[in-house]
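Novice: structure for this input, please:
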Amino acid sequence: MEHTKELLSIGLSALAPSPFNVRRHSVGQIEELAALIDSQGLLHNLVVTEQVVGRGKARKVKFAVAAGERRRRALLLLQQRGRLPKGHEVLCELVPPERAREVSLAENSGREPMHPADEFEAFKALIDEGKGVEDVAARFGVSMLTVQRRLKLSALSPMLLALYREDGINLDQLMALTLSDDHAVQERTWFDAQPWDRTPAALRRRLTVGEVEAAGSALVRFVGIEVYEAAGGVVRRDLFDDEQSRFLSDPALLERLATEKLQALAGAVRDEGWKWVEARLSVDSQALRQFAACAHVNRKPTAAEQEELDALAQRTGELEQQAQALDDAPEWSPDDAEMIDLEEQDIAARRKAIHEALKTWTPEQKAHAGVIVTFGREGDVEVMRGLVRDEDRKSAAAGVRSASGADRSTHGGTDSDHLGSPSSSAAPERRPLGCSEALAKRLAAHRTMALQAMLAQNTAVALASVVHVFVLRTFGTDYPCEASALQVSPQLSAYALEAVADDLKTSRAWQAVQQAKEAWQARLPEHQGEWFGWLIGLPQSELIDLLALCSALTLNALPGAEASASANNLAAALGLDMADWWEPTPEGYLNHVPKAQIVAALKEAGPDLSGGGVEAMKKDALVTAAASRLAGKRWLPEPLRQSPG
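Specialist: Numbers count the residues shown, from 1 in each chain. Next up, the predicted model:
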C-alpha cells in the first residue's frame, strides 16, 4: 500500500498534543534532546493531524502531534530560552485522523536502540576529530563527567568490549575494569577470576590491591593528595563512583612523604629540651602501654588564649540552643544538624589544642621523658608530650631511691627502711619456661579472676589496697618505685581478661564474682540518680563490703600491667591457692601446650597418672586423657603456683 506524504511547514505555536499519540511522556527527559536539536537541527519531521478547536469566531485549526511530542516540547524549551525565534516553523507530515494512531505506533515500534558500546566509540571518534569534551557535552546535552565516562569505557580492551556486545560482561563490571588503563591488566583481571568472583566490587579490589584508598585514610589526609602527586605519585580515580574514589598506587612514597613531614615537625619539638623525640606514622593503644605518663601542671592561659576559650564557650552555648530548636521543630533538615555537629567538632578540637598548650613540665621531668609526633584519624598533627619509657622510669626511680637512701643515712635510717622486702620490689616480669605469651596471659587472667573473687570477700585487704593506690598517687613522685594491681581510675578489667581467656566465664571465680555482682545489682535503686542517697544510708559494714567488690573488679594482674609485685603481695595476703579455682582443661590449658609438657604434668601430678602409653598417644587423645586424669588432683602449672612468701 502506498501513502503519499504531505509535508507542511507549521508554526510551533500551532502545534498541540494529540490524543492519538501512543507514547506517554514524563514531564522531564527533554534536556538532552533539546541540546541535540540545538546543535544538529530537527533530524526527523513531526507527524500531525488537523484538529479544530473552539467555537464560532474563536474557532481555529490546530495541528495535533501524533508522533514527535518530545521533539515538540524540546522545541518549545529552546524557544523559551531564546534559541528559536517566536515565529519558528516546523516541518511536519500531515496524516488523516484514521491513520494517526497507526502511524504513531509504527514510529515507536521496530526500533533497535543503539548498543552502548557503539555510543562509547562514537563519542571517542568525536574527540579524535578534534572536538573538546566541554563542546561535546554541550552539543549532546550531557555533563562533562558523562562524556569522560563514555571515553573511559571506549578505551577498554577491544576484547572486553566485544564480550560486552555479546552480553558476556555487564556494564557495571566494565566500569569497574576502567580503574586500569592497561588492556593486559584488564583482561587478566577478568579472565583469571572465577565466574562467581567477578562482581564489580571484587574486580575493583583486585585492581587496587596494595594501593591506598584516599577515602578514610588518615595518612592521605596528613600528606595531602596534591603533595603526593607533586612528588610523582600516581592517583587512580574511579570516574564511575559517585564519591569519585581515589587510590594512591605508591604507598612507599606516601609513607616517605609522611615521615619527612613528621620529622620536620619533630625538629621543632626537640628544641623544647626533651630527652627524646620520635616521629611515628602510627601509635596504637598497645604501643602507648610501653610508656608511663609524666605528671604535668597547667599554666595560666594568656589573655589571648582565655579570650578564645571564652568565645568558644559562648559559641558552644549558641550551637546547643540551635540544636535544641531543631529538636523542637516539627521538621528539620539533616544538613542543618550536620553543620551544627561539624562546628561542634571543630570547637572541641580547638579547645583541646589550647588545653594541650597549657601543659608544662619541669626541666628535670623533661630529662627523663620524651615526645611522640604523629597524626590522628582525621590526619591532623598530634604531639604526645611527657611520655616516660620503662628504662627511664626505672632509672629515675633508682635515682629517687638513692637520694632517699642518702637522706635516710644522714638521718640515721637504713636502705632497708626504704626498699622494703624483696617481695615488694618492682622486679621485671619473667615469662615461665614452656609458656607462650598467649598462654601466659590466659593463665594470668585466671589468676586475676581468682584474686578478684577472694579480694571481694576480704574487706580489710580490699580497703588497704584502695588506700594504697591513693597513697602512691598522692605521696609518690612522678616515678614511683612500685605500682598497684588495683587500677582505681576506676577501670574495670573484665574486658581485658576476657580478651585473653575465652574460657574465663566458665571458671569458678567468674561465677563467684558474677553472683556477688548480681546480688548487689538487685539491691540498688532502679534510677542512678538515687544511688548516692542510698549509699549514704547504707550501714558502714555493708558499704565496706560493696567497696571490696568494686575495688576487686578493677584488679588487673595481666603481664604488661607492671604490677606483678603488687599482685603477689595481694595473693599472699589473701592466701590465694589457684587449685581452689582452676583445673587444667583442654580449652584453658592442655590444647595450648605441647605433648611433652602434658606428659610431664601427668608425671608430676602422680606417678600412676602417666601410664597407659600416654607418650605414644596422638595429641587429641592425650588431651582428653590428661583432662580426665588431672581432674581433682590440684595440679597447677608454674605460673599459677603460689608465690613464695
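Novice: contacts for stretch 221-231?
Specialist: The contact list for stretch 221-231, computed with CB atoms under 8 Å, 6 or more residues apart in numbering, reads 214, 220, 235, 246, 248, 250, 253-254, 257-258, 261, 375, 378-381. For glycine as for every other residue, the C-beta is placed from the backbone atoms N, C-alpha and C.
Novice: and if we set it to 10 Å?
Specialist: Outside stretch 221-231, the residues that touch it by CB atoms under 10 Å, 6 or more residues apart in numbering are 212, 214-215, 217, 219-220, 233-235, 246, 248, 250, 253-262, 281, 374-381.
Novice: which stretches in the stretch 51-200 of the chain count as helices?
Specialist: Per DSSP state H, counting those that start in this stretch, the stretch 51-200 of the chain carries helices over the ranges 69-80, 97-107, 116-128, 133-139, 144-154, 158-165, 171-177, 183-191, 200-207.
Novice: mind putting those helices in CSV, mean neighbour count included?
Specialist: CSV is the format used below for the helices of the stretch 51-200 of the chain (neighbours: other CB atoms under 10 Å):
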stretch, mean neighbour count
helix 69-80, 19
helix 97-107, 16
helix 116-128, 16
helix 133-139, 16
helix 144-154, 19
helix 158-165, 16
helix 171-177, 20
helix 183-191, 16
helix 200-207, 17
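Novice: wait, which of those is closest to Thr459?
Specialist: Nearest to Thr459, of all the helices of the stretch 51-200 of the chain, is helix 200-207, at 58.3 Å by CB to CB.
Novice: next SSE after the closest one?
Specialist: Toward the C-terminal end, the helix or strand that comes next after helix 200-207 (DSSP states H and E) is strand 212-213.
Novice: on that earlier part again, cross the contacts of stretch 221-231 against strands and list the overlap.
Specialist: Among the contacts of stretch 221-231, the members falling in strands are Val212, Val235, Arg246, Leu248, Thr374, Phe375, Val381 (criterion: DSSP state E).
Novice: measure the third one to Arg377 for me?
Specialist: Noted for Arg246: a distance of 18 Å to Arg377, by CB to CB, to the nearest Å.
Novice: then the fourth one?
Specialist: The gap separating Leu248 from Arg377 is 18 Å, by CB to CB.
Novice: these two: which has the busier surroundings?
Specialist: Leu248 (23 against 10; other CB atoms under 10 Å).
Novice: which residue, other than its chain neighbours, is closest to that one?
Specialist: Val212 (4.4 Å; CB to CB, 6 or more residues apart in numbering).
Novice: so what pLDDT did that neighbour get?
Specialist: Looking at Val212, its pLDDT reads 88.
Novice: quick one: neighbours of it, just the number.
Specialist: Neighbour tally, Val212, other CB under 10 Å: 20.
Novice: help me confirm that it comes into contact with Val234.
Specialist: No - with contact defined as CB atoms under 10 Å, Val212 does not count as touching Val234 (11.4 Å).
Novice: overlap in contacts of those two?
Specialist: Tyr228, Phe247, Leu248, Ser249, Asp250.
Novice: how far away is the third one from Ala258?
Specialist: Using CB to CB, one obtains 12 Å as the distance from Leu248 to Ala258.
Novice: joint contacts of these two?
Specialist: Leu219, Val220, Val223, Tyr228.
Novice: which among these gets closest to Ile30?
Specialist: Val220 (41.9 Å).
Novice: so that closest one touches Val212, yeah?
Specialist: Yes - here Val220 lies in contact with Val212, judged by CB under 10 Å, at a distance of 6.3 Å.
Novice: and for the two, which residues touch both?
Specialist: Contacts common to Val220 and Val212, judged by CB under 10 Å, 6+ apart, are Tyr228, Val235, Arg246, Phe247, Leu248, Leu254.
Novice: how about the host helix or strand of the first one: buried residues?
Specialist: This means Tyr228. Per DSSP H and E: Tyr228 is located in helix 225-230. Buried positions in helix 225-230, judged by neighbour count with 16 or more other CB atoms under 10 Å: Tyr228.
Novice: just stretch 371-383 next, same as before
Specialist: Val371, Ile372, Val373, Thr374, Phe375, Val383.
Novice: just list the residues touching the residue nearest to Met175 when sequence neighbours are not counted, thanks.
Specialist: Nearest residue to Met175 in three dimensions, chain neighbours excluded: Phe240, at 4.0 Å (CB to CB, 6+ apart). Applying CB under 10 Å, 6+ apart to Phe240 gives the contacts 145, 149, 152-153, 171-172, 174-176, 178-179, 200, 204.
Novice: pLDDT score for Ile536?
Specialist: Value for Ile536, per-residue pLDDT: 70.
Novice: Leu262 now?
Specialist: 94.
Novice: for Val371, same thing?
Specialist: Reading off the confidence values, Val371 has pLDDT 93.
Novice: any idea how far Leu84 lies from Leu91?
Specialist: Per CB to CB, Leu84 is found 14 Å from Leu91.
Novice: so for those two, which residue has more residues nearby?
Specialist: Legend: neighbour count by other CB under 10 Å for Leu84 and Leu91, higher for Leu84 (18 against 12).
Novice: identify the residues contacting the residue nearest to that one when sequence neighbours are not counted.
Specialist: Nearest residue to Leu84, sequence neighbours excluded (CB to CB, 6+ apart): Leu78, at 4.8 Å. Residues counted as contacts of Leu78 (CB under 10 Å, 6+ apart) are Leu12, Ile30, Leu33, Ala34, Ala35, Ile37, Asp38, Leu84, His88.
Novice: count the residues that sit near the spatially closest residue to the last one that is not a sequence neighbour.
Specialist: The reference is to His88. Closest residue in space to His88, ignoring its immediate chain neighbours: Leu12 at 4.9 Å, by CB to CB, 6+ apart. By other CB under 10 Å, 17 other residues sit near Leu12.
Novice: repeat for the one 5 residues further on
Specialist: One way to gauge burial is a neighbour count; for Pro17, by other CB under 10 Å, it gives 15.
Novice: so how far is Glu391 from Gln194?
Specialist: Gln194 is 53 Å from Glu391, where distance means CB to CB.
Novice: next one: Leu171
Specialist: Going from Leu171 to Glu391 by CB to CB gives 61 Å.
Novice: next: Gly82.
Specialist: 81 Å.
Novice: before we move on, what about Ala292?
Specialist: Applying CB to CB, one obtains 11 Å for the distance of Ala292 from Glu391.
Novice: and those two? Which one has more around it.
Specialist: Between Ala292 and Glu391, counted using other CB under 10 Å, the more crowded position is Ala292 (21 against 9).
Novice: excluding its backbone neighbours, what's nearest Val53?
Specialist: Nearest to Val53 is Lys62, by CB to CB, 6+ apart, at 5.3 Å.
Novice: any idea which residue is closest to the centre of this structure?
Specialist: Closest residue to the average C-alpha location of the chain: Gly216 at 7.7 Å, with CA atoms, centre = their mean.
Novice: ok, it touching Arg246?
Specialist: No - judged on CB under 10 Å, Gly216 makes no contact with Arg246 at a distance of 11.3 Å.
Novice: isn't Lys124 right up against Leu151?
Specialist: Yes - with contact defined as CB under 10 Å, Lys124 reaches Leu151; the gap is 5.8 Å.
Novice: got the helices of the stretch 51-200 of the chain as CSV, with distance to Leu455 and mean pLDDT columns?
Specialist: Shown next, in CSV, are the helices of the stretch 51-200 of the chain (distance: least, CB to CB, whole Å; pLDDT from 0 to 100):
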stretch, distance to Leu455, mean pLDDT
helix 69-80, 82, 89
helix 97-107, 89, 84
helix 116-128, 73, 84
helix 133-139, 74, 81
helix 144-154, 66, 87
helix 158-165, 69, 90
helix 171-177, 59, 90
helix 183-191, 60, 92
helix 200-207, 51, 88
